[in-house]
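Asks: quick check, what structure comes out for this input:
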Amino acid sequence: MSSISPEIRNYFKLELLLKRSSDSVRTLFKNRYFQFTGGQLWDDTSICGTNYFTNVIQKNKKINLTPVQKASIMNGNLDECNLSTLINLSLYNNRPTTLNPTETQQLDEENQFLAQLRDIQNKIAHCTSISYSDNEFNQLWTDLKKILVSFGDDDTEIDKLKEDSIFLSPTQEIRL
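Replies: Have a look, this model is predicted:
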């Protein structure tokens, strides 16, 4: 454990937190799908994915996806979609015109957090040094945690990822 510098550990902790954010954004997308389709559930089938691709994505000029992202959506299993895809789907989905002001405000706030999450993800993905000072790390961690908690994640569980113990190998006592 001592061979990994604190700055490199900071980088990998942020990567872990970003990985965790995929679950939150996936849930957010499914909730929006339910809200925008009049109560239909996303069922992780290729039928659902293909219908969504045909009826929403192909008609929406704001959503630019790579061939791999398109295939993962058409497959229907959102567990196979990466964070960038989930963010794009959530951000650029056309809203129904029947939303009330409270729903519109909530979506606007969520979109601000999604845009911020995308920016943080890009910053971390393009970090060539694979390290962050404690100050940079703490700022990014605070921002990510705020986003994830706003999406319903558990702040106590998030804090566990910040501990250095995540780098320790599990030990077992062997009794003879």
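Asks: pull out the buried positions in the longest helix anywhere in the chain.
Replies: With secondary structure taken from DSSP state H, the chain has its longest helix at helix 6-36. For helix 6-36, the buried set under the neighbour-count rule, 16 or more other CB atoms under 10 Å, comprises 9-15, 17-18, 21-22, 24-26, 28-30, 32-33, 35-36. Placement of C-beta: from N, CA and C, glycine included.
Asks: residue 23: what's it in contact with?
Replies: Shown in contact with residue 23 (CB atoms under 8 Å, 6 or more residues apart in numbering): residue 153.
Asks: same thing but 6 Å
Replies: By CB atoms under 6 Å, 6 or more residues apart in numbering, residue 23 lies in contact with nothing.
Asks: can you map out the helices along this protein?
Replies: Using DSSP H, helices in the chain cover 6-36, 46-52, 67-75, 83-91, 101-125, 134-150, 155-160.
Asks: report all helices and strands that the second one contacts.
Replies: For helix 46-52, the contact count by 3 or more CB pairs under 6 Å, 6 or more residues apart in numbering; DSSP states H and E identifies helix 67-75 as packing neighbours.
Asks: below-threshold pLDDT in this protein: ranges please.
Replies: Judged by pLDDT under 70, the chain has its weakly predicted residues at 1-2, 164-176.
Asks: quick check: the residue positioned nearest the centre of it vs residue 80, distance?
Replies: Nearest to the geometric centre of the chain sits residue 22, at 3.1 Å (CA atoms, centre = their mean). Applying CB to CB, to the nearest Å, the value for residue 22 to residue 80 is 11 Å.
Asks: residue 155 too?
Replies: Counting by CB to CB, the gap from residue 155 to residue 80 is 28 Å.
Asks: more neighbours, the two?
Replies: residue 80 (14 against 10; other CB atoms under 10 Å).
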